[in-house]
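> Starting from these lines, generate the structure:
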Amino acid sequence: MFGYIMADEKQLSPEEVARYRKVYCGVCHSLKEQNGQLCRMTLTYDMTFLALLLNSLYEPLEHEDSARCGAHPAKPQQFATSECTEYAADATVLLAYHKLMDDWHDERKVSRRAMAQALSSAYRAASARRPAVAQAIESGMADIRAIEQRGDESLDAAANRFGVILGRVFSYREDFWAGELRRMGAWLGKFVYLMDAVMDYDEDLKSGSYNPLVAAG
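Presented below is the predicted three-dimensional model:
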């Protein structure tokens, strides 16, 4: 359900590409430091976008460094971390856990259930740090599951509900920016959900898994 909000690096200057990659690696580093090595597998472009956006709005103190990692063992990669990459890392784990559980409920894939169990301790820790966000994601995903189980033919029902979830994730603080961030996240959430439906259409048509585009004919 994620990975659609990507940077078009061909349209960026070399300095912008370097900045993007530095924050991408920063979210990855925050995932490892806060939630453990395994959680780096949950890294998404979407939450990198959120970290960049929040860094730009709130301008928190950043820490820059470089390090090798499993993906880049030969050459140290520069990264930039801040309270915003830490927030994005926790949001990544919370969303990834529920996505895995949603896949388990839909498809009964043992691998999804096993991965969710592997993330469970990191999920509990992230939930303790971000209880309001965790609760919003949990209740929202439960609502989406109910929409999917009844086979709702509306293209908007589940997409709107996922938009509410991402809107809450985007509203980092209850302050001047909260309303705009919530609206931005809500529209992006609808886009992400419907893009996922487009990408999964053929597979869901064959398997019988819920897809709003299939349900709507």
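
> Any stretches of this structure with poor pLDDT?
Residue ranges of the chain with pLDDT under 70: 1.

> What are the boundaries of the helices in it?
Ranges of helices in the chain, per DSSP state H, are 14-35, 45-58, 83-107, 110-129, 131-149, 157-170, 178-199, 201-207, 212-215.

> quick one: M101 from Q117, how far?
10 Å (C-beta to C-beta, to the nearest Å). The way it works is simple: take the backbone N, C-alpha and C, and place the C-beta from them, glycine included.

> Looking at the two now, which is surrounded by more residues?
Neighbours per residue (other C-beta atoms under 10 Å) separate M101 from Q117, with M101 holding more: 20 against 14.

> these two touch, right, that one and A116?
Yes: M101 is within contact range of A116, at 5.2 Å (criterion: C-beta atoms under 8 Å).

> Roughly how far does the residue most central in space within the chain sit from I137?
In the chain, the residue lying closest to the centroid (C-alpha atoms, centre = their mean) is T92, at 4.7 Å. In this view, T92 and I137 are 11 Å apart by C-beta to C-beta.

> now V23: how far from R40?
15 Å.

> Which one's more surrounded, those two?
V23 (23 against 19).

> got the contact list for that one?
V23 makes contact with T48, A51, L52, N55, F79, A80, T85, according to C-beta atoms under 8 Å, 6 or more residues apart in numbering.

> can you redo the residues you listed as JSON lines with distance to A128?
Formatted as JSON lines, the contacts of V23 follow (distance: C-beta to C-beta, whole Å):
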{"residue": "T48", "distance to A128": "24"}
{"residue": "A51", "distance to A128": "21"}
{"residue": "L52", "distance to A128": "26"}
{"residue": "N55", "distance to A128": "24"}
{"residue": "F79", "distance to A128": "25"}
{"residue": "A80", "distance to A128": "26"}
{"residue": "T85", "distance to A128": "19"}
